[in-house]
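*Asks:* sequence first, then the predicted structure:
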Amino acid sequence: MTRRTASDLRSARWFAPDDLRSFGHRSRLRQMGYAPEDWAGKPVIAVINTWSDINQCHAHFRQRAEDVKRGVLQAGGLPLELPAMSLSEPIVKPTTMLYRNLLAMECEELLRSHPVDGAVLMGGCDKTTPGLVMGAISAGLPFVFLPAGPMLRGHWRGQVLGSGSDAFKYWDERRAGRLPEQAWAEMESGIARSHGTCMTMGTAATMTGIAEALGLTLPGASSIPAADAAHPRMSAACGRRIVEMVWEDLVPSRVLGGDSFHNAVACAMAMGCSTNAIIHLIAMSRRAGHAVTLDDFDAASRKVPVIANIRPSGERWLMEDFFYAGGLPAMLQRLRAHLHIDAMTVNGHTLGENIAGSEVFDDDVIRPLERPIYAEGALAVLRGNLAPDGVVIKPSACAPHLLQHSGRALVYDDYPALKKAVEDPALDITADDILVLRYAGPLGAGMPEWGMLPIPTKLLKAGVTDMLRLSDARMSGTSYGGCLLHCAPEAAAGGPLALLRSGDRITVDVPARHIHLELSDAELAARRAAWQPPPRRYERGYGWLFGQHVLQADQGCDFDFLETGFGAAVAEPDIY
């Protein structure tokens, strides 16, 4: 491999010439206390930090940025910390999904507009991983992704709690009148005990695992708990490695190929991934020019077993246990037959080389292939006259009796109406009915995590723990249950979901991958002729831009103008 020289560095365009503009660049570095020994002939590394005071998942990133800088300095580079938008999944409203693409745009433009040669991307909270990776792929500079890491296990009255999953579970108990207020209040202090992302196999753990399977992290990085001393060591190692990547010119197009995305899909299935993985991985793959589709996920789901026994798909364990059991390298080693092991990774070795020798230390946490949690079914994609472009379900987190089911639809057009209805003790509903929330897709509402529709209190009190629910929204990766999500095209775009009425019958057949609205084509045509699109939610600003350019769920919800094929590659910035 031919190594780059100092004159090849991108940052040299800013600092090396003997002209007025470069004089200004150098003098401003000196203004900040730097000397030529800090930058001359050295790679300049952007440390893209998504820390904020209100992002609990990234509360440790202020220190981790310093750990990264230490590594960059050790390897002979100059680190420059560049803050980026911090998307706190529990806090940002109406949904972080609305802003994933904004973070992607910010990351891309930060890298393009600054005198940097490579980057360490610091993320982990749900949308930060795909947002940062999408932007960095488009920018085209060498980068390493640094995962935030999961938080420690939750605890309450001798029980281990999982973030999200147990909150949903016990909130239903509270609504049913079976959990006292004092116990509920105690959980607030016990369910999230440290910095870091959700410690269930929610979207955060899913997406950082996918980043590692893609080859974008150092080996094992995605499994390290945020509070473990291995995390700052890994952060410094990211800083050292990115400097070498710049000299090697190991840009994203040399790391990410079609095999990389095949590996990521297989890894997602084996993890019992969040349904959100589909949207984000499709978006990332389209940025890289190696598009995966809903059919790729569905095909992998039929072949790749779920072997990570991590809640909510798993029965017992959490991400901290996954780390102790060997972490993602050990799981990928067991999954080796389903992987393209020659795929390149950011440490300069193949995926196969990185996982060679990895061991599983607990066969219940990471199951053998012959004794999986589920032989298939991490995700399934259904199609039919109600969802021509697909609707997604997580069979591994759904009550088995609901996988083949026909029921009466009960339809709501907004969340407040749904929320009011499910608390009504006189609501006309049975456990065989199908709750529907629409106009909650990317155009309708920014696609929030409203898809795990609450089971009506009337049914909870009768002991019902699951029922079919259908929406064009998403659900949290920590959620569970018989939820049909990402219905495409969405109702706000005029999809068939907009034509549904309460009382219509819907038939769902997950093994056959089919969903059907029991209406004639003539009736659907008549309803379509009478349908009026709702007013757009945003009439100005970023929300307006989002509504004008966001793609549908089956296409990854990226902006049409940000996809790789939209136009010619953006040139390097002019310096005059």
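*Replies:* Nice, thanks for sending it over.

*Asks:* please make it C-alpha for all contacts and neighbour counts, starting now.
*Replies:* OK.

*Asks:* low pLDDT regions in this protein?
*Replies:* Counting by pLDDT under 70, the chain contains low-confidence ranges at 1.

*Asks:* state which strand of it is the longest.
*Replies:* Secondary structure of the chain per DSSP state E: the longest strand is strand 404-412.

*Asks:* determine the set of other helices and strands touching that one.
*Replies:* strand 434-437, strand 505-509 (3 or more CA pairs under 8 Å, 6 or more residues apart in numbering; DSSP states H and E).

*Asks:* most tightly surrounded among those?
*Replies:* Mean neighbour count (mean count of other CA atoms under 10 Å) peaks for strand 434-437 among those, with a mean of 26.

*Asks:* can I get the CA coordinates of that one in CSV?
*Replies:* C-alpha atoms of strand 434-437 as CSV (Å, rounded to 0.1, in the frame of the first residue of the first chain):
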residue,chain,number,x,y,z
ILE,A,434,-56.5,-4.3,15.4
LEU,A,435,-55.6,-0.8,16.7
VAL,A,436,-54.5,1.6,13.9
LEU,A,437,-52.8,5.0,14.1
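
*Asks:* sheet partners, orientation included, of that strand?
*Replies:* Strand 434-437 has its sheet partners listed here by DSSP bridges as strand 404-412 (parallel), strand 469-471 (parallel).

*Asks:* nearest to residue 214, out of the ones you listed?
*Replies:* Closest to residue 214 of those is strand 469-471 (CA to CA; 29.8 Å).

*Asks:* can you tell me what sits against stretch 36-48?
*Replies:* Residues from elsewhere that reach stretch 36-48 (CA atoms under 8 Å, 6 or more residues apart in numbering): 6-7, 9, 11-12, 15-16, 65, 68-69, 72, 76-84, 107, 111, 115-122, 242-243, 246-247.

*Asks:* before we move on, the earlier item: so of the strands paired with strand 434-437, which one's packed in deepest?
*Replies:* Scoring these by mean neighbour count under mean count of other CA under 10 Å gives strand 469-471 as the most buried, with a mean of 27.

*Asks:* for residue 72, pull up the helix or strand it's in.
*Replies:* Per DSSP states H and E: residue 72 is located in helix 61-74.

*Asks:* do the same with residue 129
*Replies:* Assigned by DSSP H and E, residue 129 falls in helix 128-139.

*Asks:* coming back round to it: tell me which of the strands paired with strand 434-437 lies nearest to residue 287.
*Replies:* With CA to CA as the criterion, residue 287 lies closest to strand 469-471 of these, at 26.8 Å.

*Asks:* could you point out which element follows the closest one?
*Replies:* Past strand 469-471, the next helix or strand by DSSP H and E is strand 483-484.

*Asks:* mind giving me the packing neighbours of that following strand?
*Replies:* With contacts defined as 3+ CA pairs under 8 Å, 6+ apart, strand 483-484 has these neighbours: strand 387-393, strand 469-471.

*Asks:* just put the ones you listed in TSV and tack on distance to residue 405.
*Replies:* Listed next are the helices and strands packed on strand 483-484 as TSV, based on distance: least, CA to CA, whole Å:
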stretch	distance to residue 405
strand 387-393	13
strand 469-471	12
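
*Asks:* ok so, going back, among the helices and strands packed on strand 404-412, which is nearest residue 404?
*Replies:* Of all these, strand 505-509 sits nearest to residue 404, with 4.5 Å by CA to CA.

*Asks:* and the closest one, which strands flank it?
*Replies:* strand 404-412 (antiparallel), strand 514-517 (antiparallel).

*Asks:* for residue 91, grab the count of nearby residues.
*Replies:* By other CA atoms under 10 Å, the residues close to residue 91 number 12.

*Asks:* now the strands for the stretch 51-200 of the chain?
*Replies:* Remark: strands assigned in the stretch 51-200 of the chain by DSSP state E, counting those that start in this stretch are 78-83, 118-123, 143-147, 154-156, 159-161.

*Asks:* next, the angle from the first one to helix 61-74.
*Replies:* Interaxial angle, strand 78-83 versus helix 61-74 (axes from the mean of the first three to the mean of the last three CA atoms, to 10 degrees): 160 degrees.

*Asks:* coming back round to it: among the helices and strands packed on strand 483-484, which is the most enclosed?
*Replies:* Highest mean neighbour count among those (mean count of other CA under 10 Å): strand 469-471, a mean of 27.

*Asks:* what sits up against stretch 242-255?
*Replies:* Under the contact criterion CA under 8 Å, 6+ apart, stretch 242-255 has outside partners 1-5, 43, 45, 72, 75-77, 117-120, 137, 140-144, 215-216, 288, 343-347.

*Asks:* and with 6 Å instead?
*Replies:* For stretch 242-255, contacts defined as CA atoms under 6 Å, 6 or more residues apart in numbering pick out 3, 4, 137, 141, 142, 344, 345.

*Asks:* can you give me the end-to-end span of that stretch?
*Replies:* For stretch 242-255, the first-to-last residue distance is 13 Å (CA to CA, to the nearest Å).

*Asks:* and if you look at stretch 33-53?
*Replies:* End-to-end for stretch 33-53, by CA to CA: 27 Å.

*Asks:* now do it: distance to the chain's middle.
*Replies:* Stretch 33-53 sits 28 Å away from the centroid of its parent chain (CA atoms, centre = their mean, to the nearest Å).

*Asks:* and it, which residues are buried?
*Replies:* In terms of neighbour count (16 or more other CA atoms under 10 Å), stretch 33-53 has its buried residues at 38-52.

*Asks:* one step back: tell me the helices and strands packed up against the helix holding residue 72.
*Replies:* Helix 61-74 sits against helix 230-248, with contacts defined as 3 or more CA pairs under 6 Å, 6 or more residues apart in numbering; DSSP states H and E.

*Asks:* next helix or strand past the helix it packs on?
*Replies:* Sequence order places helix 252-255 as the next helix or strand after helix 230-248, per DSSP H and E.

*Asks:* re the thing from before, please identify which of the helices and strands packed on strand 404-412 is closest to residue 369.
*Replies:* Closest to residue 369 of the helices and strands packed on strand 404-412 is strand 505-509 (CA to CA; 26.3 Å).

*Asks:* and the contacts of the closest one?
*Replies:* Residues outside strand 505-509 that contact it (CA under 6 Å, 6+ apart): 404, 405, 406, 407, 408, 409, 515, 516, 517, 518.

*Asks:* just how off-centre is the longest strand of the chain within its chain?
*Replies:* Averaging C-alpha positions (CA atoms, centre = their mean) puts strand 404-412 29 Å from its chain's average.

*Asks:* buried residues in the following helix or strand past that strand?
*Replies:* Using DSSP H and E, the next helix or strand after strand 404-412 towards the C-terminus is helix 415-422. Of the residues in helix 415-422, 418, 421, 422 count as buried by neighbour count, 16+ other CA under 10 Å.

*Asks:* kindly indicate which of those lies nearest residue 385.
*Replies:* Nearest to residue 385 among those, with distances taken as CA to CA, is residue 418, at 24.2 Å.
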